[in-house]
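Enquirer: what follows is a protein structure lacking sequence information:
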């Protein structure tokens, strides 16, 4: 019960602070927005690379350049 009361008080103070200091909130959002976009863009790029299989294609190309000792053992 006590946590509910403190939670409601914190919400009310937060709303009051947002109304009273609105322009400070806008400045913080404007400052944080580019960082959020960079971070989310990086995550989306990494997820896209993982889903397309580009990583495995790059690994397969690097294996082609190496000698195929495993294949020779299977043939012998």
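Expert: Yep, that arrived. Note that this is a predicted model, so its numbers are computed, not measured. Numbers count the residues shown, from 1 in each chain.

Enquirer: longest helix in the protein, please.
Expert: In the chain, with assignment by DSSP state H, the single longest helix is helix 22-52.

Enquirer: any buried residues in that helix, and which?
Expert: Using 16 or more other CB atoms under 10 Å as the test for burial, helix 22-52 gives no buried residues. Placement of C-beta: from N, CA and C, glycine included.

Enquirer: what mean pLDDT does that helix have?
Expert: Across helix 22-52, the average pLDDT comes to 89.

Enquirer: tell me the helices and strands packed up against that helix.
Expert: Counting contacts by 3 or more CB pairs under 8 Å, 6 or more residues apart in numbering; DSSP states H and E, helix 22-52 packs against no other helix or strand.

Enquirer: let's see it at 10 Å
Expert: Helix 22-52 is packed against helix 2-20, helix 54-65, with contacts defined by 3 or more CB pairs under 10 Å, 6 or more residues apart in numbering; DSSP states H and E.

Enquirer: rank those by mean pLDDT and give me the bottom one.
Expert: For the helices and strands packed on helix 22-52, the bottom mean pLDDT is recorded on helix 54-65, which sits at a mean of 66.
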